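Enquirer: Predicted model follows, preceded by the sequence.
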There are 2 protein chains.
Amino acid sequence: MTWPPVYDRAYRPPPEEPYWFRREETMSAEERKELILAKLKAQVAYAWERSPFYRRKWQAAGFHPEQLKTLEDIRRIPILTKDDLRKDQSEHPPFGSNLCVEPHEIIRIHGTSGTTGRPTVFCISRDDWQRIAEAHARIMWGMGLRPTDTVFIGSLFSLYMGGWAVLVGVERLGATAFPFGAGVPGQTERAIEWLRLVRPTAFYGTPSYALYLAERAKAMGVDPARDFAFRILFFSGEPGAGIPSVKAKIEGTYGGICIDSGSMAEMTPWMTNAECQYRTGMHLWNDIVYTEIVDPKTYEPVPPGSEGVPVYTHLERTSQPMIRMFSGDLTSWTDEPCPCGRTYPRLPRGIYGRVDDMFIVRGVNVYPSAIEEVLQSLPEFGGEFRVIVSRKEYMDHLVVRVEYGPELAAAAETAPHRLEEFRRTVSDRLKTRIGVSAVVELVPPGTLERTEFKARRVVDERDLYNKLLRKGGTATV
Amino acid sequence: MTWPPVYDRAYRPPPEEPYWFRREETMSAEERKELILAKLKAQVAYAWERSPFYRRKWQAAGFHPEQLKTLEDIRRIPILTKDDLRKDQSEHPPFGSNLCVEPHEIIRIHGTSGTTGRPTVFCISRDDWQRIAEAHARIMWGMGLRPTDTVFIGSLFSLYMGGWAVLVGVERLGATAFPFGAGVPGQTERAIEWLRLVRPTAFYGTPSYALYLAERAKAMGVDPARDFAFRILFFSGEPGAGIPSVKAKIEGTYGGICIDSGSMAEMTPWMTNAECQYRTGMHLWNDIVYTEIVDPKTYEPVPPGSEGVPVYTHLERTSQPMIRMFSGDLTSWTDEPCPCGRTYPRLPRGIYGRVDDMFIVRGVNVYPSAIEEVLQSLPEFGGEFRVIVSRKEYMDHLVVRVEYGPELAAAAETAPHRLEEFRRTVSDRLKTRIGVSAVVELVPPGTLERTEFKARRVVDERDLYNKLLRKGGTATV
C-alpha cells in the first residue's frame, strides 16, 4: 500500500455506475477493517514522525505507534479535543506544533472563528487538497451527482470550509460549479433571480438557509419547485437535513431529494459523514476518515442502536492530521444494509444533539433539534422559533416562541380561536416529544430574525448554566 | 503556433527571475505584433466557427476572418458592447449564442448582477480556467509575488470574478491563499483579528476596502503597518489604486507597496491591465488580452498621451470569447519604457473615468437609468430625482432623493403613513434592482429642479475621486 494515497486525477466512473470506487465502497466489514488498519498505521507513524504535538501527547499517555496491531488498538491512542488544539496553537502560534508539512507545501489557510475563545487555524497542503477533491467527488457521486449537474453553492466562502470542499469536489467530479455564496445583505434576493435564470440542478448550503431562501422566494411570487430546477439538495453546517420532518419539508418545497452530510470543523474539508441518494442516514465513509462511535465518558465503542459520540481519525491527511478527535456530537449507529449497496455503517437519525449544547430543564435533557422537529411537522408553523430557558423561583422555566405562518394569520382574522388551537397543539406535542412542559408564545409571521448560517435559537438565561453552555454552541459543520 | 495555447502546469521560474515568461514580456513591439496577430487570427477563426453570435454580427458588418492580414485589420471587426451581450443572452437564455464550448466543458458560472436590466451570465470552461490561472500567476509574479507569500483575499466570493481569479493565480504561482472574503456584517473585525494572527504578506481587495479595514483596525488599537505584515497590496474592482494620492495613503498606512490592476467584468477573470512592482501605471499584457485605446466616437486608435477608451480582445479564451469589447472607461496610454524591462504599453494615470454616467458603489456598477426605471414604474413618483454618492468612513454611501407626486401628497395629508410606505417600496425595489442598499429621502412635488436636456442627476461627493474623476464614474473591475 502506498501512503499517502495518490489518486488518478483523470479517473471518473461512467455515469450509470453507482459507485466511484466500487471495491472500497462495497467491501466486507472484515476487509475494510484491514484497509483501515493499514492506513491508520501509516497515518499514525507519519504523525509520530512529523508532529511534535502528537509525539508529546502520546508519550505522556504511554502510547507508541507500534502498539497498533489490530484496529481495536486505536483505543490506546488518547482522545483529542478542540481545547487541545487551541491550547497548542496558542503556545505555538499561529499554526501549532501539528503542522507536519513544510510551509511552502501549504496552499490554503482556513479556520474557525472561535466563538469559544481563540480562533483555530487550519492549513491544507497541496497534496491534501487533491485528496479532499477526490473524497468529495466520491461522496457526491454517491449522492447521485453527475458531470451533467450544475451545483449552486449557497454558503459563505470564507474561513468555513464546507463550501470550499463542495467546490473542489464539483471540479473533480466534472460538474459545473455556480459558487454564489451567502451571508451578504441582499444576496438571497439576487440568488432567487439567478436560480430562475440559470436553473442549477443541485443545491448546497445549510438547511435553515434553504428554508429561508424558499420563504423569500415565495414572498417574491417564485415557486421553488416550479421555478427552480433542483433535483438534489445536499447540506452540511447544521444537522437539520437529517431530521425527518425537515427533510420532508425541504423535499416538499423544492421537489428534489434532501441529503444530509457533515462532520465537524476540525475534520473538514473531509465531510465523511454523508447520506447516499437513498437517504437512510449518513454513511460513515470509514476508509477516508475512520469514525468510532463511543461512550462520552468511557470512550469505549457503543453497540449498534446505542447513543454515542463520533470520534474521528483522518486516514489520509498529511497537513494537520486529526487523530481520535472527539466531536461532542450525539448520534447512534447501525450496520444494517442500505439499498445503495454500500457497506459503510450508518447514522440513521443523523447527528441530533450535542453532549454540551443539549440543555437540561427540570432534570430532563432537551435538544433544540427535537423542538424543531415538532414545529416543522406542523403546517401552521411559520418557519422560525426561539427557545428561552430561564429560572423562576428556583424552577426552570422554558419558553418556546413560535412564529406562525401567513395562512394561519389570514385565517385568524376571522377566526381568532385558531391561534389558541395552534398554541395548544404545539404545547401538547412538545410535552410529548421533549418530556417537559413549555410555555408556548405565538408571534406573527416575519417577527423573528432569520438565521442565514448557523442557527442559534436557544437563549439560556440561567446563570448556573451560562458558563457551561458558552463552551457548547453548535459544533457540527 | 498551437492555439489555444497549452501551458506547462509544472513550470515556475526561479524566485530571483523577474519575469514569468521573459521572452513574451520583453519582446520588441514589432515582434509582439506578430505574436498578437497570430493569436488573434486563431481566436477570430475559432469564434467564426463556433459562435453563432459573432457569425451573425460579423456577417451583418461585412467582416470575414480572412480579412485579417495585419494587426491593424482588427479595426474591420465591429465593436462589441455590454448591451450586445445582454440582448443576445435574453434572446438565447441563459448563456447566449456565444458559448463556443459544449455544456459539459463548463466548470464555472459567474456573472454581473445587471443593474441595467437583465444579469449577464459568464461561463468558463475547464481549459480556460487553467489559462486564467497561468495569466494571473504571470501577472502576479510581475507584481513581485512569490511562492513564499501568503495572500489574504479580502473580496466577496460570489458572482464577481476578481477574487476567484486571484485565488486560482495564487494556486498556480505556488503561494498560500487565505481566502477570507468580505461583505458580511462583522467580517472586517474578524479579518483584523486573523490578520494579526496569521500575518499574510500580501493583500487583495478594493482600495476602499483596504482603507476601511485600516480605519477599523486603528479604532481597535491595531496599527496596520506594525501589526499586519503586508509587503504587497494589490487591487482591482475600483480605480483608486492608480490615483497617486490613494496609492500614497495605502502605502503610508500599511507599509507595503500598492499595485493597481483590473479591466472590466466581461473580460475577467483575465485582469490583464496590471502594474508591475514599479507602479508606473498598468501594463497592458497584450499577448494575453489585446487592448486597443480608441476614440469613443470613431473607434480609431488614439496616439500615446491622448485620451481614449480601452477596447479589449481575448486572445486565448475558448468559452465566450470577447472580441473588441468596448469598455466605456477613460484612460490615456504611453509606450515609454518601464524600469521593470517589460515592453508592454502602459496606462500611466490608470483608468480615471467613464464615457457614460455609470458609477460604482461598493463594487457594484450602478446606472442612473436603472434607478429611473424603478421610479418611473411607481405611480406615486413625482417625476424627478437625484442620486448622491458619498463616502462615510471609507465605505460608499448612496442616497436617492425622490420627489413624490401630487396625489400622494394629497393622500398623505390625512394618512401620513402613506409616505413611509412609499419610501419603503422605493427602497426595496431599488435594492433588488441595483443590488446595493440606498438611503431613500422623499421630497414634496416640485422641489427638485427639472433637467431639460441630458439628465445629470448624479452627485458624486466622494472626495477621494472627485478631483480626478470628472465624470463621476469608476469602472474597472
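Expert: It's in.

Enquirer: Right, and chain B sits closest to which residue of the stretch 201-350 of chain A?
Expert: Nearest residue of the stretch 201-350 of chain A to chain B, counting by C-beta to the nearest C-beta: residue A:220, 8.4 Å away. C-betas here are computed from N, CA, C, even on glycine.

Enquirer: With the flanking residues excluded, which residue is spatially nearest to that residue?
Expert: residue A:192 (6.0 Å; C-beta to C-beta, 6 or more residues apart in numbering or on different chains).

Enquirer: Give the buried residues for the host helix or strand of that neighbour.
Expert: Residue A:192 belongs to helix A:187-198 when assigned by DSSP states H and E. For helix A:187-198, a neighbour-count test (16 or more other C-beta atoms under 10 Å in any protein chain shown) marks A:187, A:188, A:189, A:190, A:191, A:192, A:193, A:194, A:195, A:197, A:198 as buried.

Enquirer: and the first one, what is it in contact with?
Expert: Shown in contact with residue A:187 (C-beta atoms under 8 Å, 6 or more residues apart in numbering or on different chains): A:180, A:181, B:158.

Enquirer: looking at it, residue A:441 is touching residue A:403, isn't it?
Expert: No. The criterion here is C-beta atoms under 8 Å, and residue A:441 misses it with residue A:403 at 10.1 Å.

Enquirer: In terms of neighbours, single out the busier of those two.
Expert: Legend: neighbour count by other C-beta atoms under 10 Å in any protein chain shown for residue A:441 and residue A:403, higher for residue A:403 (21 against 14).

Enquirer: Quick check: phi and psi at that one.
Expert: When read as degrees, to the nearest 10, the backbone of residue A:403 gives phi -90, psi 130.

Enquirer: Over to residue A:449?
Expert: phi -70, psi 130.

Enquirer: Need the phi and psi values for the residue lying closest to it once chain neighbours are set aside.
Expert: Of all residues not flanking residue A:449 in the chain, residue A:384 sits nearest, at 7.7 Å (C-beta to C-beta, 6+ apart). Backbone geometry at residue A:384, expressed as degrees, to the nearest 10, gives phi -140, psi 150.

Enquirer: residues touching residue A:384, list them.
Expert: Residue A:384 makes contact with A:403, A:448, A:449, A:450, A:451, according to C-beta under 8 Å, 6+ apart.

Enquirer: where's the second one relative to chain B, distance?
Expert: Think residue A:448. 18 Å (C-beta to the nearest C-beta, to the nearest Å).

Enquirer: mind checking how far that residue is from residue A:284?
Expert: Using C-beta to C-beta, to the nearest Å, residue A:448 is found at 35 Å from residue A:284.

Enquirer: Between those two, tell me which one has more neighbours.
Expert: Between residue A:448 and residue A:284, counted using other C-beta under 10 Å, residue A:284 has the larger neighbour count: 24 against 17.

Enquirer: The more buried one touches residue A:347, doesn't it?
Expert: Yes. Shown here, residue A:284 and residue A:347 form a contact pair, counting by C-beta under 8 Å, at 7.1 Å.

Enquirer: which residues do the two both contact?
Expert: A:273, A:333.

Enquirer: Quick check: pLDDT value at residue A:451.
Expert: Reported pLDDT at residue A:451 in the predicted model: 65.

Enquirer: scratch that, residue A:69
Expert: 98.

Enquirer: The one 4 residues further on too?
Expert: Among the per-residue scores, residue A:73 shows a pLDDT of 98.

Enquirer: what do you get for the one 5 residues further on?
Expert: Listed pLDDT for residue A:78 reads 98.

Enquirer: what about the residue nearest to it when sequence neighbours are not counted, neighbour count?
Expert: Spatial nearest neighbour of residue A:78, chain neighbours left out: residue A:61 (4.1 Å); criterion: C-beta to C-beta, 6+ apart. Neighbourhood size, residue A:61 [other C-beta under 10 Å]: 12.

Enquirer: and if you look at residue A:47?
Expert: When neighbours are counted by other C-beta under 10 Å, residue A:47 comes out with 25.

Enquirer: Find the closest residue to chain B in chain A.
Expert: For chain A, C-beta to the nearest C-beta, closest residue to chain B: residue A:157, 3.5 Å.

Enquirer: Once you drop chain neighbours, what's closest to that residue?
Expert: In space, residue A:157 is closest to residue B:157, 3.5 Å off (C-beta to C-beta, 6+ apart).

Enquirer: repeat for residue A:329
Expert: Residue A:329's closest residue in space is residue A:351 (C-beta to C-beta, 6+ apart), at 4.6 Å.

Enquirer: can you list contacts of the strand or helix carrying residue A:248?
Expert: If you go by DSSP H and E, residue A:248 is part of helix A:244-254. Helix A:244-254 has contacts (C-beta under 8 Å, 6+ apart) with A:203, A:207, A:210-211, A:214, A:224-225, A:228, A:230, A:233, A:240-241, A:257-258, A:260, A:279, A:372-374, A:376-377.
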